[in-house]
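Participant: A structural model of the following input is requested.
(2 chains)
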Amino acid sequence: DAKTTQPPSMDCAEGRAANLPCNHSTISGNEYVYWYRQIHSQGPQYIIHGLKNNETNEMASLIITEDRKSSTLILPHATLRDTAVYYCIVRTLNNNAGNMLTFGGGTRLMVKP
Amino acid sequence: NAGVTQTPKFQVLKTGQSMTLQCAQDMNHEYMSWYRQDPGMGLRLIHYSVGAGITDQGEVPNGYNVSRSTTEDFPLRLLSAAPSQTSVYFCASRERFGETQYFGPGTRLLVL
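Facilitator: Next comes the predicted model:
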C-alpha cells in the first residue's frame, strides 16, 4: 500500500471549515483513499473514501486532485466534537487475505471555541 | 446491533502472566482483526482472520496467538505478558466485500 504524509497537527475555529491535507504521491491506479478518525480513547471511525472523483457524505467531503497524488478532507462546519486524530490511508479495494488498514501517524485536529 | 464489543475495558497484568482479550461482533462479518496502539502512535496490525478457522499474522504478531472457531468471536491471547505489550488493543471487523472497518472500543492493557 502507498505511504501517506499528513501534518502532525492542525487547529480550526468552531463553525469554520476544517481542511485536512494528505499527500500520497506514490499511490497506484487501483488504490483508494480512505479517511478514518479517532476521538480520544475510542476506536477509529470510518469517515469517507474515494478513488478519483470527489465524494461527499453526511460527515465530510473528500477532494482528490486530478493526478491523485494528494487529497483533502473537508469538515464543512467543525464542532468541538470533531476534535480527533484523522488518518489518511490508501489501499487497494480487494478482498485478498491481509487487506487490512495500515495506519500512519495521522493529523491531530483541535477545534477551538 | 451491538457492533464490535471488547472485554475487558482495562486490565493490569504482571510480567509472565497470561490472559485472553475477548472480541465479538454481531454483524456476521467474515473479516476480523486485532490492532495495537502505543501512545502517540498509529494502529499496528497484530493478527487477522478472513473467516472461521482461518487466521494469519499481521505486522507485529510476536507474543500473541489467535483462533477463530466461530464467525462472531476472535480472541487474542497473550501467553506470557511482557511490559512491551502495554498498549491499547482494538478489534475490528468488516464484511468480505465491504469497504468499511468497524472498530471496538478498545482494551487498555498495562503489564508491570
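Participant: which non-adjacent residue is nearest residue 57?
Facilitator: Unless you meant another one, I'm taking chain A. With sequence-adjacent residues excluded and distances taken as Cβ to Cβ, 6 or more residues apart in numbering or on different chains, A:Asn57 is closest to A:Ile48, at 5.5 Å. Quick note: C-beta positions are derived from backbone N, CA and C, even for glycine.
Participant: you answered for a different chain; I wanted chain B.
Facilitator: According to Cβ to Cβ, 6+ apart, the nearest residue to B:Gln57 is B:His47 (6.0 Å).
Participant: ok, now which ones touch that neighbour?
Facilitator: Neighbouring residues of B:His47 by Cβ atoms under 8 Å, 6 or more residues apart in numbering or on different chains: B:Ser33, B:Trp34, B:Thr55, B:Asp56, B:Gln57, B:Gly58, B:Pro61, B:Tyr64, B:Asn65, B:Val66, B:Leu76.
Participant: the last one pairs with what?
Facilitator: When bridges are taken as DSSP bridges, the partners of B:Leu76 come out as B:Leu21, B:Val66.
Participant: strands of chain A, residue ranges please.
Facilitator: In chain A, the strands defined using DSSP state E lie at A:9-13, A:18-23, A:31-38, A:45-50, A:55-56, A:61-64, A:70-75, A:84-92, A:107-112.
Participant: B:Gln22: neighbour count?
Facilitator: When neighbours are defined as other Cβ atoms under 10 Å in any protein chain shown, B:Gln22 has 16 of them.
Participant: roughly how far does it sit from chain A?
Facilitator: Shown here: B:Gln22 relative to chain A, a distance of 15 Å by Cβ to the nearest Cβ, to the nearest Å.
Participant: cool, and B:Leu112?
Facilitator: 21 Å.
Participant: looks like B:Thr55 contacts B:Ser67 (just checking).
Facilitator: Yes. B:Thr55 is in contact with B:Ser67 according to Cβ atoms under 8 Å; the separation is 6.7 Å.
Participant: neighbour count for these two, which is higher?
Facilitator: Between B:Thr55 and B:Ser67, counting by other Cβ under 10 Å, B:Thr55 is the more crowded of the two (20 against 16).
Participant: confidence score at the spatially closest residue to A:Leu80 that is not a sequence neighbour?
Facilitator: By the measure of Cβ to Cβ, 6+ apart, the closest residue to A:Leu80 outside its immediate chain neighbours is A:Val111, 5.3 Å from it. Looking at A:Val111, its pLDDT stands at 97.
Participant: list only buried entries from the contacts of B:His47.
Facilitator: With burial judged by 16 or more other Cβ atoms under 10 Å in any protein chain shown, the buried subset of those is B:Ser33, B:Trp34, B:Thr55, B:Gly58, B:Pro61, B:Tyr64, B:Val66, B:Leu76.
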